[in-house]
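*Asks:* Build me a model from this:
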Amino acid sequence: NKYKTLVNERSIGEVAERNTQFNLNYHHFTVILMAFVLFSDSLSLKMGAHVSRTDFEWTTSDEPHAARRKEILEKYPQIKKLFGSDPNFKWVVSAMITVQMAMIFIVPRFPWPLVIGLAYCFGGVINHSLMLAIHEIAHNLAFGHARPMANRILGMIANLPIGIPFSVSFKKYHLEHHRYQGDENFDADIPTIIEAKLFCTTFGKVVWMFLQPLFYALRPLFVHPLPPSMMEIINIIIELSFDFAVFYFLGSKALVYLLAGSLLAMGIHPVAGHFIAEHYMFAKGFETYSYYGPLNWITFNVGYHNEHHDFPAVPGSRLPQVKAIAPEYYENLPHHNSWVKVLYDFITDPAIGPYARVKRSSKVLKSEE
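*Replies:* Down below sits the predicted model:
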């Protein structure tokens, strides 16, 4: 009887202990569930929050770079010595192309998750850097203005690992962005009114950033379509032939590595922060911003964007010298130190969105161009 009593007491104690543990676990689960629900509601509210702007920042003033360029050159004429091509540029570009050519022979043996991971973390960075090399080439900074065909050929070669033909077309539209910055008819860098209206919430901005490659490709065709040139057609034929050869001889993983890297690195990616940092209005009335962080090392100093727009004839490798020669013109301007922070602020700040661009009425009719 004593033995049975001890067993019963022990069983009752175990049951009570299990009930207590269950109650504790249930309590913890309830707390976690409530916290998740509150977080989800908060996130839903934030992701659905509308931007505060309902129109672009219209101005009647001229773009600031021409006047500042004239003033700086009058004060510091030695900046003209920085003009011209960079003799080391072609070797840097060749090295990046070689790395990507080697990678497409290596990645086919990897599993798909690793291929995509490498595309985002490694190949995408190189391809984005090659895109910015093409930006340099568009300004004839590889071989100088006296050798335009050499610049175009290098541009098409640098285009190969990117997988998407754009080198020649980019030059055509990018030079208009410099000449007509903020112009409603000619600057295809500014989002269209449809983009601004459709992607006007926090979640919408996230989607818009993922779709950046699509908008950069299609926007010029709606804003200011120009007839294709023979060089553009050649660029397309060469690029698509290269893509087919990669797929045929090396397989889908090699081609996806190149294409996914290019597309992913143009969306929510640290190096893609320059798309937002350069001209989106983070400080009222300022339409161009420089970035002075470490990613300039792998992006041909594209972050020195005020300096670049002031002096597009200066190669990226020498843009820091422009700032060093004329510091009083740049150090007091609003600037960025982190492209990652730029992306975060763009997504979460309701004051910033596709509408946050300085825009001006066109002074040139398209028929008069």
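*Asks:* can we go C-alpha only for contacts and neighbour counts from here?
*Replies:* OK.
*Asks:* Next, the buried residues of the helix or strand containing Leu114.
*Replies:* Assessed by DSSP states H and E, Leu114 sits inside helix 112-118. For helix 112-118, burial by neighbour count (16 or more other CA atoms under 10 Å) applies to Val115, Ile116, Leu118.
*Asks:* Quick check: mean pLDDT of the following helix or strand past that helix?
*Replies:* Counting by DSSP H and E, the next helix or strand C-terminal to helix 112-118 is helix 124-138. Averaged across helix 124-138, pLDDT comes to 98.
*Asks:* and helix 124-138, what other elements does it pack with?
*Replies:* On a contact count with 3 or more CA pairs under 8 Å, 6 or more residues apart in numbering; DSSP states H and E, helix 124-138 meets helix 89-106, helix 148-159, helix 167-179, helix 252-264.
*Asks:* those helices in the stretch 151-300 of the chain, which residues are they?
*Replies:* For the stretch 151-300 of the chain, applying DSSP state H, counting those that start in this stretch gives helices covering 167-179, 193-198, 202-210, 212-223, 230-250, 252-264, 273-277.
*Asks:* Mean neighbour count, distance to His128 and mean pLDDT for those - can I get that in a markdown table?
*Replies:* Formatted as a markdown table, the helices of the stretch 151-300 of the chain follow (neighbours: other CA atoms under 10 Å; distance: least, CA to CA, whole Å; pLDDT from 0 to 100):
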| stretch | mean neighbour count | distance to His128 | mean pLDDT |
| --- | --- | --- | --- |
| helix 167-179 | 19 | 13 | 96 |
| helix 193-198 | 15 | 23 | 94 |
| helix 202-210 | 21 | 15 | 95 |
| helix 212-223 | 16 | 12 | 91 |
| helix 230-250 | 16 | 16 | 98 |
| helix 252-264 | 24 | 6 | 98 |
| helix 273-277 | 23 | 11 | 97 |
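*Asks:* So which of those is nearest Gly303?
*Replies:* Across the helices of the stretch 151-300 of the chain, Gly303 has its closest neighbour in helix 273-277 (6.8 Å, CA to CA).
*Asks:* Give me the contact list for the closest one.
*Replies:* Tyr289, Ser290, Tyr291, Val302, Gly303, His336, Trp339, Val340, Val342, Leu343, Phe346 (CA atoms under 8 Å, 6 or more residues apart in numbering).
*Asks:* Right, I'll call it a day here.
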